[in-house]
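Novice: Sequence first, predicted model second:
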Amino acid sequence: MEKKTRYAMHFNEMLHLLAIAEEHRQTLNIKAWRSDGEIIEYKGWLVHHDYWRGGYVKLRNPVSRQIRQIPEIFIFEINNHQVYL
């Protein structure tokens, strides 16, 4: 069995990846903290809008069309890559 290598990415690289995913309508897998410390996983969600000035990203579920707004600083993993500051 082959072990997959996980790479870490800088916060700025994550912002760039979010902008590209929004532009090309690509789905992402994101893990983020909630304000109470719980971990939420968004599998296969689209970037609905990226507020780079406000520090928030809106994600949309392609199946249920549900929209969630999360602070970008709460994202700690995107597409199985850890995010660091």
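Specialist: That came through, no problem.

Novice: Tell me, how many residues neighbour Tyr42?
Specialist: 19 (other Cβ atoms under 10 Å). Every C-beta, even on glycine, is put in place using the N, C-alpha and C of the backbone.

Novice: if I read this right, it contacts Thr27, doesn't it?
Specialist: No: judged on Cβ atoms under 8 Å, Tyr42 makes no contact with Thr27 at a distance of 9.5 Å.

Novice: which stretches of the protein aren't confidently modelled?
Specialist: 1-5, 51-53 (pLDDT under 70).

Novice: Longest strand in it, by number of residues?
Specialist: strand 39-51 (DSSP state E).

Novice: Give me the contact list for the helix or strand that comes right after that strand.
Specialist: Per DSSP states H and E, the first helix or strand lying C-terminal to strand 39-51 is strand 56-60. Contact with strand 56-60 is made by 18, 28, 30, 42, 45-51, 66-72, 75, as judged by Cβ atoms under 8 Å, 6 or more residues apart in numbering.

Novice: just stretch 68-84 next, same as before
Specialist: Against stretch 68-84 from outside (Cβ under 8 Å, 6+ apart): 4, 6-11, 14-15, 17-18, 28-35, 40, 42, 45, 55-61.

Novice: in the protein, which spans are helices?
Specialist: Taking DSSP state H as the criterion, the chain carries its helices at 11-24.

Novice: Just give the closest residue to the residue sitting nearest the centre point of it, not the sequence neighbours.
Specialist: Against the mean C-alpha coordinate of the chain, by Cα atoms, centre = their mean, the closest residue is Ile30 at 4.0 Å. Spatially, and ignoring its direct neighbours in sequence, Ile30 is nearest to Tyr42 (4.5 Å; Cβ to Cβ, 6 or more residues apart in numbering).

Novice: quick one: strands adjacent to the longest strand of the chain?
Specialist: Strand pairing for strand 39-51, using DSSP bridges, gives strand 27-33 (antiparallel), strand 56-60 (antiparallel).
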